[in-house]
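1. quick one: sequence and predicted model below, then my questions.
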Amino acid sequence: MVVTDPELLLTLPHREYRSGLYEVIKYALIADLQLFMFLERRMLALLRRDADALAWVIARCIRIKADVVARDEREGGLREILNFGHTLGHALEAATKYRRFRHGEAIAWGMIYATLLGVATDRFKEADATRFIRLIASVGPLPRLSGIRASQLRSILAGDKKSRGGKIRWVMPRRIGKVEWGVELPWTLVSRTFAALPPFAGTSN
């Protein structure tokens, strides 16, 4: 969810504010190359809470969500793209009893993970994945994944609202601004990719 009240954004603690920016990046990856390029150029301004940059980004995100919801009013499939990064993100939150991650931080890890899955299955180009992960890193550090194992996430993932018959369905990137949904993958790949998540994150403050 993206906070849409500019005055509220100005009062958020910095970690909460950065958590919201990870969700903004989600909207760019799933539907808007122009927004993505804006974030690459103006992330420092956004981190300083520049009013003009914020207004442009908020309007863009609202437009994207409204368009997706309008095109899938009965939640027949397309609306699943709004959950990019949420499958693993929700599992990380549950596995750590909602004490380690802010919501956007968990979603950021989920997006990085889905990106690596995209590369591993030849859906997403490595150059685009590098560009995407670099943008996430530019927002700031993420809490570490230490102590979390893929095996303990499996049952949580199987219970995700997008799962069907216990089979996990992923939202996967195809290119910047385009994703697909409902992708089922073998657990061996899911587990192996989780173990390979990059160690760039530090401790959030």
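-> Okay, I see it.

2. just the helices in this protein please.
-> Using DSSP state H, the helices of the chain run over 6-11, 14-31, 33-47, 51-71, 86-95, 103-120, 126-139, 150-158, 187-195.

3. put together CSV for those helices, with mean pLDDT and distance to Ile176 on each row.
-> For the C-beta atoms, the positions are set from N, CA and C on the backbone; glycine is no exception. Converted to CSV, these look like this (pLDDT from 0 to 100; distance: least, Cβ to Cβ, whole Å):
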stretch, mean pLDDT, distance to Ile176
helix 6-11, 70, 25
helix 14-31, 96, 6
helix 33-47, 98, 5
helix 51-71, 95, 14
helix 86-95, 96, 19
helix 103-120, 97, 10
helix 126-139, 96, 5
helix 150-158, 90, 25
helix 187-195, 94, 20
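
4. can you redo the ones you listed as TSV with distance to Val179?
-> Output for the helices of the chain, formatted as TSV (distance: least, Cβ to Cβ, whole Å):
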stretch	distance to Val179
helix 6-11	26
helix 14-31	5
helix 33-47	12
helix 51-71	11
helix 86-95	12
helix 103-120	8
helix 126-139	11
helix 150-158	18
helix 187-195	17
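
5. and His103, how many neighbours?
-> As a burial measure, His103 scores 18 neighbours (other Cβ atoms under 10 Å).

6. repeat that for Tyr98.
-> The number of residues packed around Tyr98, counting by other Cβ under 10 Å, is 12.
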